[in-house]
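Asks: starting from these lines, generate the structure:
(2 chains)
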There are 2 protein chains.
Amino acid sequence: MTAKYPDDTRLLIEAGLKKYFPKKRNPEVIYEAMSHSLFSGGKRFRAILVIEAAKLFGATAEEVMPTACAVEYIHTYSLIHDDLPAIDDDELRRGKPTCHILFGEAMAILAGDALFSEAFSLIASAQRAGDCGRIVDVVRELSSAAGVSGMVGGQVVDIISEGRGIDAATLEFIHENKTGALIKASVRAGSILAGASPSELTRLNSYAGYLGLAFQITDDVLDVVGDTEVLGKMAGSDVKLGKATYPSVYGLEEAKAMAESVVGRAKEALNGVAGDTAVLRNLADFVYERQF
Amino acid sequence: MTAKYPDDTRLLIEAGLKKYFPKKRNPEVIYEAMSHSLFSGGKRFRAILVIEAAKLFGATAEEVMPTACAVEYIHTYSLIHDDLPAIDDDELRRGKPTCHILFGEAMAILAGDALFSEAFSLIASAQRAGDCGRIVDVVRELSSAAGVSGMVGGQVVDIISEGRGIDAATLEFIHENKTGALIKASVRAGSILAGASPSELTRLNSYAGYLGLAFQITDDVLDVVGDTEVLGKMAGSDVKLGKATYPSVYGLEEAKAMAESVVGRAKEALNGVAGDTAVLRNLADFVYERQF
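Replies: You can find the predicted model right below:
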């Protein structure tokens, strides 16, 4: 691999997550269920996007850290609920037992719910950079991305499509919403807090759209070619569930080629953005290269 | 009954909920699951509190309607998740099949998640009255009330206490958090949006605390004395689950007397608040009287 993952930012985020995680009170079990899933070695990809987008427009990592952490809360909440027996029924996530395996189904549902609540609570109580108008904008971006015209909508179509042959348009709908929406909202949130202009926001939005698509294609490729150890979840689990994936719709080689082309477009979208876009370009390359 | 329920405000809220409910798009099933539970004839108690508190400080119902609707989204989300097989396993709610009975467990989990997202989305996109600083305050109030130190925390203690004898302090903890927190946040949200002063907010906060407690005591009493038709859920379901209730801890007559005393304190807390507090006093009486 030639693209380096921004591990310095990732470490800052780990520290931020520890700093902002709510103090354990009664009942402790729910905090344990939340932190089991939150602190399980994720890549912090979405939080990195918040921070790196904000840095482009002059904000520091620290200034947008509450929002970066909130995005990780939302992502983790969605993973906990996705893994539930009634949905994907996954026992392993990032190489560890999923939340409901360790804490039971009721606690897993509630740990997801709690992380989702705490995301907005953290933004509303600790996000200082960005005036209150921008903070309201960020709440709108993240809640819309998580909602029925975002993550939930994508997940629903994914579920009702299981075991059926689906077309390319449906596959795109699923991923644009299920994973793409939050990736886009992360980039937008960081940009908004740091005061990006409307035209800059448009470029970043376009970058994020392509990045999210590339991320999903390579995730699907990894599900076919990866082994369980690298993925941290059961390899082939998409195939097992009869889920539509880019390799199943386009074939493996074509999917890889699509990822390359989409990553190229992500980087092109950054042309004309002032400021140092190296980290965001590098992230796009990383997404492409991780599939090999 | 001498206390009249504020049905005029309830009707305004029904219209507001219809107006603000997200336009149906693909996939329609999730909108159907959400609206099944949202439009199932609830009393709109919490939304009424938002509006009536706001009116005390000079705002109109229309001006705070997005927040009032958002509170109903959050309440409905919590009911859908509470009713899930892994939690309370209820088949009937407000006289109708619960969300998971009609739409399956996966859709019910996601319908709850979606309503919760849309709550914040609605506030952030449509709430105009109150400057953006107040809107951020409302996001904080509602997300904290829903989170681990509110609704989720109360629900968790409720679950881990099932079938065990619990003491009065634990019973109080459960209800202060599981139902009290959102009732309090509803009153606070309306007051904040309409510009209540800190001392007024303190009085309203105290009113809401007593009101929430009275509401829970009378809910528990109704579970013992009511029939399924009036309650719209299975009478005796708390007893069936071995749940702690005010009648089970204090006895039925003592519980009724507690409700009366607590309602008195709720009304006392309104003394010294300028403006017409008649509707809020009347609501407190209504909560007491409904147990007979």
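Asks: skipping its backbone neighbours, what lies nearest A:N282 in space?
Replies: A:A3 (5.2 Å; Cβ to Cβ, 6 or more residues apart in numbering or on different chains). C-beta: built from backbone N, CA, C; applies to glycine.
Asks: tell me the contacts of the one you found?
Replies: For A:A3, the contact set (Cβ atoms under 8 Å, 6 or more residues apart in numbering or on different chains) comprises A:282-283, A:285-286, A:288-289.
Asks: dump the residues you listed to TSV, plus secondary structure and pLDDT.
Replies: Below are the contacts of A:A3 laid out as TSV (DSSP: H, G, I helix; E, B strand; the rest coil; pLDDT from 0 to 100):
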residue	secondary structure	pLDDT
A:N282	helix	96
A:L283	helix	96
A:D285	helix	96
A:F286	helix	95
A:Y288	helix	93
A:E289	helix	92
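Asks: which of these sits closest to B:F120?
Replies: A:L283 (27.6 Å; Cβ to Cβ).
Asks: isn't the closest one right next to A:L211, touching?
Replies: Yes: using Cβ atoms under 8 Å, A:L283 is in contact with A:L211, at 7.1 Å.
Asks: next, show the common contact partners of those two.
Replies: A:L49.
Asks: give me the neighbour count for A:T202.
Replies: 12 (other Cβ atoms under 10 Å in any protein chain shown).
Asks: so how far is A:I135 from it?
Replies: 21 Å (Cβ to Cβ, to the nearest Å).
Asks: how close does A:A3 sit to chain B?
Replies: 33 Å (Cβ to the nearest Cβ, to the nearest Å).
Asks: secondary structure of that residue: a helix, I assume?
Replies: No: under DSSP: H, G, I helix; E, B strand; the rest coil, A:A3 sits outside any helix and is assigned coil.
Asks: quick one: the helices in the stretch 151-292 of chain A?
Replies: Ranges of helices within the stretch 151-292 of chain A are A:151-161, A:168-175, A:181-193, A:198-225, A:228-231, A:237-240, A:246-250, A:252-269, A:278-289, based on DSSP state H, counting those that start in this stretch.
Asks: show me where pLDDT drops low in the stretch 151-292 of chain A?
Replies: A:227-242 (pLDDT under 70).
Asks: quick check: residues of it near chain B?
Replies: Within the stretch 151-292 of chain A, the positions near chain B by Cβ under 8 Å from any Cβ of the partner chain are A:151-153, A:155-157, A:159-160, A:173.
Asks: and the residues you listed, which two are the farthest apart?
Replies: A:M151 and A:I160 (15.3 Å).
Asks: which non-adjacent residue is nearest A:F21?
Replies: Leaving aside its sequence neighbours, A:F21 sits nearest to A:S35 (Cβ to Cβ, 6+ apart; 6.5 Å).
Asks: report the angle between the strand or helix carrying the one you found and helix B:151-161.
Replies: In the assignment (DSSP states H and E), A:S35 maps to helix A:28-38. Angle, helix A:28-38 to helix B:151-161, by axes from the mean of the first three to the mean of the last three Cα atoms, to 10 degrees: 120 degrees.
Asks: any idea how far helix A:28-38 is from the chain center?
Replies: 20 Å (Cα atoms, centre = their mean, to the nearest Å).
Asks: tilt between the very next helix or strand once past it and helix A:198-225?
Replies: Where DSSP H and E defines the elements, the next helix or strand beyond helix A:28-38 is helix A:45-56. Angular relation of helix A:45-56 and helix A:198-225 on a 0 to 180 degree scale: 150 degrees, by the same axes, to 10 degrees.
Asks: what is the mean pLDDT for helix A:45-56?
Replies: When pLDDT is averaged along helix A:45-56, the result is 98.
Asks: what does stretch A:27-40 give?
Replies: On average, stretch A:27-40 scores 97.
Asks: now do that stretch: everything it contacts.
Replies: With contacts defined as Cβ under 8 Å, 6+ apart, stretch A:27-40 is touched by A:14, A:17-18, A:21-22, A:24-25, A:72-73, A:76, A:79-80, A:93-94, A:96, A:98-99, A:102-103, A:107-108, A:110-111, A:114-115, A:118, B:148, B:152-153, B:156-157, B:160.
Asks: out of those residues, name the ones that lie in strands.
Replies: Those of the contacts of stretch A:27-40 mapping onto strands are A:93, A:96, per DSSP state E.
Asks: stretch A:53-64 and chain B in contact?
Replies: No: if you take Cβ under 8 Å from any Cβ as the test, stretch A:53-64 misses chain B, and the best it gets is 15.5 Å.
Asks: gap between the two ends of that stretch?
Replies: End-to-end distance for stretch A:53-64: 10 Å, by Cα to Cα, to the nearest Å.
Asks: which parts of it are buried?
Replies: Across stretch A:53-64, burial judged by 16 or more other Cβ atoms under 10 Å in any protein chain shown covers A:53-57, A:59, A:61, A:63-64.
Asks: nearest to A:V273, of those?
Replies: Distances from A:V273 to the buried residues of stretch A:53-64, taken by Cβ to Cβ, are shortest for A:L56, at 6.6 Å.
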